[in-house]
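J.: A predicted structure for the sequence below; I have some questions about it.
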Amino acid sequence: MKQKIQIGPIVFFAILAWVSIFPVNAQYGFTASPANGCTPFRVKFRFTSTAAIDTISSFYWDFGNGQTSSLEDPDTVVYNAAGTYTPALVFNNRADLMIVKPDYIQVHQTAAATFTVTDTIDYATFVFNHTAVLDPGATYSFDWDFGGTGSGSDPKEVYTFPSQDTFMVTLVLTDDFGCISTSVQEVVVLQEIKVQNVFTPNGDGINDVLLIISNTGFPLRLKIFSRAGVLVYQAEGFDLIWDGIASSGQKMSPGIYFFTLESASSDPDNHYAKSGMVYMYK
């Protein structure tokens, strides 16, 4: 049984089980370098012949991925999807000179080494978690570099940086096929703003005010709420002081109050958002 096959401008007849077709003349062939790799996989094909080159008048390549070429030695071919590919070559418009290499190109998917960074209540501690889409048939290794201050090998890492600074965190993701990808993110470790949890506005000169000092380079916005959720005081600045008197001028009663603290300006990521409670007694 024969089947009519169309490749570009060439029409010829081939056996239905075309993957078994090989050139009648063993003088002709082609190579691919390399033939096994990871996406995006770049391959250089080359026509090989021990016959006189002037006997070849035309070439038609089908690389198995939808790309074709009429060059003797095609430009680099890129395979962007994982899979097994069967390239073929016809020259001189002759069906009997069709070269096919079944499953010759093996391509593996490269997983992107993406990850998220989540801060914690500790200003210097962060959670790093990969978000890569992994191939269930592959085995992966995770290599973290926390800006030269430490390393890790788990898919999810909790890491505490040693100082206030900016660190470039790198994740290198490698599978057992040799596919490698790298991702880098900047992590800014900020100075912790400490807020006392007790103050005593009784005029004895000891711990009379709630004092918050910003050494961050950003002004801060402080809001104080009663236990009922009523806003009783607010202020902005680098040095924030509350002496127990509401914005209306009313002296507040001893008890538990809640506060929110956040960057007032120049900090689009609102790094200094913080909340808690403070106890005022006299």
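T.: Yes, it's here.

J.: List every C-alpha atom in the helix or strand hosting E262, with coordinates, as CSV.
T.: Secondary structure assignment for E262, by DSSP states H and E: strand 255-263. What follows is strand 255-263, C-alpha atoms only, in CSV (Å, rounded to 0.1, in the frame of the first residue of the first chain):
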residue,chain,number,x,y,z
GLY,A,255,-6.5,50.6,79.8
ILE,A,256,-5.7,48.8,76.6
TYR,A,257,-5.4,50.6,73.3
PHE,A,258,-4.6,49.4,69.8
PHE,A,259,-2.3,51.0,67.3
THR,A,260,-1.4,50.8,63.6
LEU,A,261,1.9,52.0,62.3
GLU,A,262,2.7,52.4,58.6
SER,A,263,4.9,54.4,56.2
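
J.: That strand: what's the following helix or strand?
T.: strand 274-280.

J.: That next one pairs with which strands?
T.: strand 198-199 (parallel), strand 255-263 (antiparallel) (DSSP bridges).

J.: For the first one, give the mean pLDDT please.
T.: So the one you mean is strand 198-199. Average pLDDT, strand 198-199: 95.

J.: which other residues reach it?
T.: 207-210, 244, 278-281 (Cβ atoms under 8 Å, 6 or more residues apart in numbering). (Each C-beta comes from the backbone N, C-alpha and C, glycine too.)

J.: Kindly report the same for the last one.
T.: With contact meaning Cβ under 8 Å, 6+ apart, strand 255-263 is reached by 193, 195, 212, 216, 218-227, 229, 232, 270-281.

J.: so where's the chain uncertain?
T.: 1-26, 52-54, 215-217, 266-271 (pLDDT under 70).

J.: how does it divide up, domain by domain?
T.: 2-108, 115-188, 198-280 (automatic domain parsing).

J.: buried stuff in stretch 193-210?
T.: For stretch 193-210, a neighbour-count test (16 or more other Cβ atoms under 10 Å) marks 193, 195, 199-201, 208, 210 as buried.

J.: now do stretch 241-252
T.: Under the neighbour-count criterion of 16+ other Cβ under 10 Å, stretch 241-252 has 242, 244, 246, 252 buried.

J.: likewise stretch 98-111?
T.: Neighbour-count burial for stretch 98-111 [16+ other Cβ under 10 Å]: 98-101, 104-111.

J.: One more: stretch 33-43?
T.: 35, 37-39, 41, 43.

J.: The residues you listed in strands, which ones?
T.: Secondary structure from DSSP state E places 37-38, 41, 43 of the buried residues of stretch 33-43 in strands.

J.: Max pairwise distance over the residues you listed: which two?
T.: C38 and V43 (11.8 Å; Cβ to Cβ).

J.: returning to what we had before: now, among the buried residues of stretch 98-111, which is nearest to G147?
T.: Nearest member of those to G147, counting by Cβ to Cβ, is A111, at 23.2 Å.

J.: Excluding chain neighbours, what is closest to the closest one?
T.: Closest residue to A111 apart from its sequence neighbours, by Cβ to Cβ, 6 or more residues apart in numbering: A132 at 4.4 Å.

J.: Enumerate every residue touching that neighbour.
T.: 111-115, 140, 173, 181.

J.: what pairs with R221 across the strands?
T.: E236, E262.

J.: My impression was that D96 belongs to a strand - is that right?
T.: No. Remark: D96 does not belong to a strand; assigned using DSSP: H, G, I helix; E, B strand; the rest coil, it is helix.

J.: quick one on the thing from earlier: apply the buried test to the contacts of strand 255-263 and list what passes.
T.: By 16+ other Cβ under 10 Å, the contacts of strand 255-263 give 193, 195, 212, 216, 218-226, 232, 271-272, 274, 278, 280 as buried.

J.: residue nearest the centroid of this structure?
T.: T114 (2.0 Å; Cα atoms, centre = their mean).

J.: For that one, list the residues it contacts.
T.: Here T114 is in contact with 130-132, 183 (Cβ under 8 Å, 6+ apart).

J.: Give me the spatial nearest neighbour of it, chain neighbours excluded.
T.: T131 (4.6 Å).
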